[in-house]
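> Sequence first, then the predicted structure, then my questions.
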Amino acid sequence: AQRVTQPEKLLSVFKGAPVELKCNYSYSGSPELFWYVQYSRQRLQLLLRHISRESIKGFTADLNKGETSFHLKKPFAQEEDSAMYYCALSGGQGAQKLVFGQGTRLTINP
Amino acid sequence: GAVVSQHPSWVICKSGTSVKIECRSLDFQATTMFWYRQFPKQSLMLMATSNEGSKATYEQGVEKDKFLINHASLTLSTLTVTSAHPEDSSFYICSASRGGYSPLHFGNGTRLTVT
């Protein structure tokens, strides 16, 4: 069964501090992992996906198959990073059918 | 960029009535659309996969007769909540993709309140 776990429902850090949002997954095959972000009063949007290996808005995430993790990191948090972040997994069907984690609400304090 | 429009943004209806929610891809064709349900402070739960020109595929535990999905064209999928009850009150979100490895684009969601 596919499962995504985000252990932190809430995360609060100060501006300029490093940020790490944890995501662990369970999947027997070769998964595709994504991070989606939802800013206040906006729709869910793709932040990054592991196959792209790109950095968006200073965020990066590395797929660690040994630890079945896909943690989202940013070295210096900015106030505009405050949002709801969802980790999601696709069972190899492209970006199609997704299983989402519970989400982590990130708050950046000034 | 790709835009998915969802309508209405919110709706209040009485128990026993039916409500239709529309999901449109405005500037691209979507062979597949997805419908999710989100309870307060919880994650998105996939309800069904809507395929253009064919029957929707429902996730386990989702009543197909309760949540009717129609994907009549490459730009429109509708979700009809039939004989709504207060427990159907929730936030419903759709997403659409061009297919293959294209990213999903999400609608703004519809908040349904059944009184």
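Cool, got the structure.
> Please point out which parts of stretch A:19-26 sit buried.
For stretch A:19-26, the neighbour count (16 or more other CB atoms under 10 Å in any protein chain shown) marks A:V19, A:L21, A:K22, A:C23, A:N24, A:Y25 as buried. For glycine as for every other residue, the C-beta is placed from the backbone atoms N, C-alpha and C.
> Please tell me how far it is from the chain's geometric centre.
Computed by CA atoms, centre = their mean, to the nearest Å, the separation of stretch A:19-26 from the middle of its chain amounts to 7 Å.
> tell me the mean pLDDT for that stretch?
The average pLDDT within stretch A:19-26 is 97.
> do stretch B:17-31 as well
93.
> Using PDB, write out the CA atom coordinates for it.
Only the C-alpha atoms of stretch B:17-31 are listed here, as PDB (Å, rounded to 0.1, in the frame of the first residue of the first chain):
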ATOM      1  CA  THR B  17     -30.800  17.700  -2.500                       C
ATOM      2  CA  SER B  18     -28.100  17.200  -5.100                       C
ATOM      3  CA  VAL B  19     -25.200  19.500  -5.900                       C
ATOM      4  CA  LYS B  20     -23.100  19.600  -9.000                       C
ATOM      5  CA  ILE B  21     -19.500  20.900  -8.900                       C
ATOM      6  CA  GLU B  22     -17.700  21.700 -12.200                       C
ATOM      7  CA  CYS B  23     -14.000  21.400 -12.900                       C
ATOM      8  CA  ARG B  24     -12.600  22.900 -16.100                       C
ATOM      9  CA  SER B  25      -9.200  23.000 -17.600                       C
ATOM     10  CA  LEU B  26      -9.100  26.500 -19.200                       C
ATOM     11  CA  ASP B  27      -6.100  26.400 -21.500                       C
ATOM     12  CA  PHE B  28      -5.300  22.700 -22.000                       C
ATOM     13  CA  GLN B  29      -7.000  19.400 -22.600                       C
ATOM     14  CA  ALA B  30      -7.200  17.000 -19.700                       C
ATOM     15  CA  THR B  31      -7.700  13.400 -20.500                       C
END
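> got a list of contacts for that stretch?
B:2-8, B:11, B:13, B:33, B:35, B:51-52, B:74-84, B:92, B:94, B:96-99, B:105, B:107, B:110, B:112 (CB atoms under 8 Å, 6 or more residues apart in numbering or on different chains).
> now stretch A:49-56
Here stretch A:49-56 has contacts from A:32-35, A:47-48, A:61-63, A:70, A:95, B:101, B:103, using CB under 8 Å, 6+ apart.
> For that stretch, buried residues please.
Under 16+ other CB under 10 Å, the buried positions of stretch A:49-56 are A:R49.
> quick revisit: is there a quick ChimeraX command that grabs whichever of the contacts of stretch A:49-56 are buried?
Paste this into ChimeraX to select the buried members of the contacts of stretch A:49-56, with burial taken from 16+ other CB under 10 Å:
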select /A:32,33,34,35,47,48,61,63,70,95 /B:103
